[in-house]
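Visitor: got a structure for you, letters missing:
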């Protein structure tokens with residue numbers, strides 16, 4: 001058959017629409033009849049030989065026809081047969097009023113709006129309500145109603161953005177999409193990705209099931225809903241995408257990313273490798289770095305490790321490496337509530353996660369404190385000199401309750417620095433014979449300073465009553481300071497120094513509890529006074545007052561130790577004879593420590609017990 005009227009396809013005309021237009025102009029009953037006259041059968045996709053024959057019969061370019069027909073491997077997303085309407089066509093009334101022909105993309109299930117006129121596509125006749133199908137004329141329904149007279153209903157911005165995106169048409173609505181999706185044509189498998197996202201992020205009600213065809217595949221309706229849901233996640237980029245990720249992570253718990261988020265992210269990294277999807281990968285990694293409190297295995301191929309170095313939630317192992325301690329210490333601190341963190345228990349497995357801010361605070365706290373070895377290196381002194389300095393009140397040793405969590409070092413770096421600066425600022429350069437220069441390490445009996453006076457000399461140096469006369473350059477800390485030996489000897493030759501003990505020294509010497517000694521002082525039973533060292537008050541106990549205290553009171557714990565019993569048992573035996581504790585302070589846990597007994601009460605009880613014993617008979621009458 002030779003054509004009566006030869007036509008050329010429009011630039012945006014579909015192959016099926018072109019065949020319909022040719023059949024109408026050549027008075028053929030339909031496309032199938034037209035193809036039958038060519039000795040061909042109607043197909044959704046023609047092979048190369050059939051396409052060449054068809055191009056020859058229509059007198060058009062075969063490459064032009066090939067670019068318009070449906071193809072499962074087409075690089076144009078709107079030409080993939082998988083997502084074509086099966087039950088009818090759609091038209092734009094205003095496009096049909098301009099030029100009545102079937103545009104490329106109108107048959108795609110997700111193209112529901114016309115980006116050129118910003119209105120919805122019409123899928124049924126406004127007069128009879130019948131769906132638009134391929135058997136009716138191009139420009140009118142079988143009832144005679146022209147499609148150009150259909151309603152012009154304004155389309156939503158989201159549907160316009162989706163339609164323009166799939167058609168590759170520039171439109172302002174696309175500006176709410178990821179930057180790479182705002183111009184140009186989309187990748188051919190973009191609908192598969194949208195369906196993947198929508199399927200995983202659709203909230204399903206209890207008992208609901210996904211609509212599937214008899215072959216087990218998702219129905220067209222379910223496919224459209226899931227794909228539109230997936231596209232909605234990318235609308236208002238990246239707000240909705242972040243909100244969906246956050247909601248999913250918040251509603252789940254555990255260390256595993258796949259169980260928390262679903263396995264879609266693996267497909268995103270492994271299957272969807274087009275650069276247009278890089279924005280999704282970057283947004284996902286950024287969100288996980290900030291909000292995921294589980295374990296991200298840096299060895300998995302789906303996430304680039306270089307993007308996860310600054311993630312905000314860390315495992316106990318990662319936190320331990322940053323802090324510089326063992327992971328078991330971090331895990332224990334979170335479990336006991338010593339530091340903030342999250343604990344997830346799954347059966348016998350326990351997973352701990354800590355926010356980076358908490359880890360950084362612990363790390364900074366540890367940097368503020370120094371160990372004994374670090375302090376000695378800073379000061380440049382030996383162990384013996386350091387112990388003498390501590391006995392003289394040079395530095396305040398912080399107890400565990402005074403230190404931040406996970407800090408084992410006992411000295412504040414600021415205190416050590418202040419000590420070094422203060423002593424160096426007090427240097428008074430004088431002409432003193434170098435043979436009399438005396439360093440801190442030289443303050444000993446070898447230079448004529450007795451052991452009993454060493455603490456007194458060091459205290460006067462710390463209080464800056466004795467100032468250094470020189471400093472040796474290049475020597476670290478305070479070990480380079482030099483003092484006048486004559487001035488050192490003068491401070492203990494003039495007067496006999498008062499012997500005093502600090503609470504720490506007394507506790508070490510007698511084995512008493514630090515808090516018990518402090519309680520005795522505050523109760524007025526043990527006389528003591530406060531002295532300022534480095535601007536901080538410290539209790540000191542004169543030796544005379546200590547002797548008076550030990551002559552008046554006995555510590556119940558000491559008596560129990562001597563009699564090989566427990567304090568409470570010994571006290572229960574003494575109470576019936578009138579011995580009551582002079583002081584029984586309670587700790588925060590309700591236990592009694594530091595009980596004191598008056599020696600006079602013990603003597604009276606002993607005398608009463610002796611008188612109460614019956615006299616032994618020495619003979620018969």
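Guide: Done, it's in. A quick note: this is a predicted structure, and the numbers were derived from the prediction, not measured.
Visitor: buried ones in stretch 231-241, by neighbour count?
Guide: 231-235, 237-238, 241 (16 or more other Cβ atoms under 10 Å). Quick note: C-beta positions are derived from backbone N, CA and C, even for glycine.
Visitor: quick one: which two of those are the most distant?
Guide: Across the buried residues of stretch 231-241, the longest distance by Cβ to Cβ is 13.9 Å; it joins 231 and 238.
Visitor: picking that back up, now, which of the buried residues of stretch 231-241 lie within helices?
Guide: Among those, the subset assigned to helices under DSSP state H consists of 231-234, 241.
Visitor: all strands of the stretch 201-350 of the chain, in order?
Guide: 313-315, 342-346, 349-355 (DSSP state E, counting those that start in this stretch).
Visitor: and the next element down the chain from the longest one?
Guide: Using DSSP states H and E, the helix or strand that follows strand 349-355 towards the C-terminus is helix 356-368.
Visitor: gap between that following helix and the chain center?
Guide: Here the centre of helix 356-368 is set off from its chain's centre by 14 Å, with Cα atoms, centre = their mean, to the nearest Å.
Visitor: residues in contact with it?
Guide: The contact list for helix 356-368 (Cβ atoms under 8 Å, 6 or more residues apart in numbering) reads 310-314, 319, 322-324, 339-341, 404-407, 409, 412-414.
Visitor: tell me what angle that helix forms with strand 349-355.
Guide: 70 degrees (axes from the mean of the first three to the mean of the last three Cα atoms, to 10 degrees).
Visitor: what residues of helix 356-368 count as buried?
Guide: By 16+ other Cβ under 10 Å, the buried positions in helix 356-368 come out as 356, 358-359, 361-363, 365-366.
Visitor: one step back: closest to residue 39 out of the ones in helices among the buried residues of stretch 231-241?
Guide: The nearest member of those to residue 39, counting by Cβ to Cβ, is residue 231 at 43.4 Å.
Visitor: now the closest one: how far from residue 14?
Guide: According to Cβ to Cβ, to the nearest Å, residue 231 and residue 14 sit 23 Å apart.
Visitor: one more: residue 63?
Guide: 16 Å.
Visitor: what about these two, which has more around it?
Guide: The neighbour count for residue 63 versus residue 14, taken as other Cβ atoms under 10 Å, is higher for residue 14 (23 against 9).
Visitor: OK, contacts around that one?
Guide: Counting by Cβ under 8 Å, 6+ apart, residue 14 touches 68, 102-107.
Visitor: and it, its phi and psi?
Guide: The phi/psi pair for residue 14 (degrees, to the nearest 10) reads phi -80, psi 160.
Visitor: per-residue pLDDT of it, please?
Guide: We have a pLDDT of 91 for residue 14.
Visitor: repeat that for residue 218.
Guide: Note for residue 218: predicted pLDDT of 63.
Visitor: with residue 620 instead?
Guide: pLDDT at residue 620 comes out at 38.
Visitor: what's the local residue count around residue 454?
Guide: Neighbours around residue 454, by other Cβ under 10 Å: 19.
Visitor: so what's it up against?
Guide: The contact partners of residue 454, taken as Cβ under 8 Å, 6+ apart, are 388, 443-444.
Visitor: cool, residue 93 as well?
Guide: By Cβ under 8 Å, 6+ apart, the contact list for residue 93 reads 119, 122, 147-152.
Visitor: any idea how far residue 420 is from residue 414?
Guide: 11 Å.
Visitor: between the two, who's got more neighbours?
Guide: residue 420 (17 against 11).
Visitor: can you tell me how far the more buried one sits from residue 370?
Guide: On the measure of Cβ to Cβ, residue 420 and residue 370 end up 12 Å apart.
Visitor: now list whatever residues contact both of the two.
Guide: residue 378.
Visitor: check which helix or strand residue 89 maps to.
Guide: Going by DSSP H and E, residue 89 is not in any helix or strand.
Visitor: ok, and the closest non-adjacent residue to it?
Guide: In space, and not counting its chain neighbours, residue 89 is closest to residue 132: 4.6 Å by Cβ to Cβ, 6 or more residues apart in numbering.
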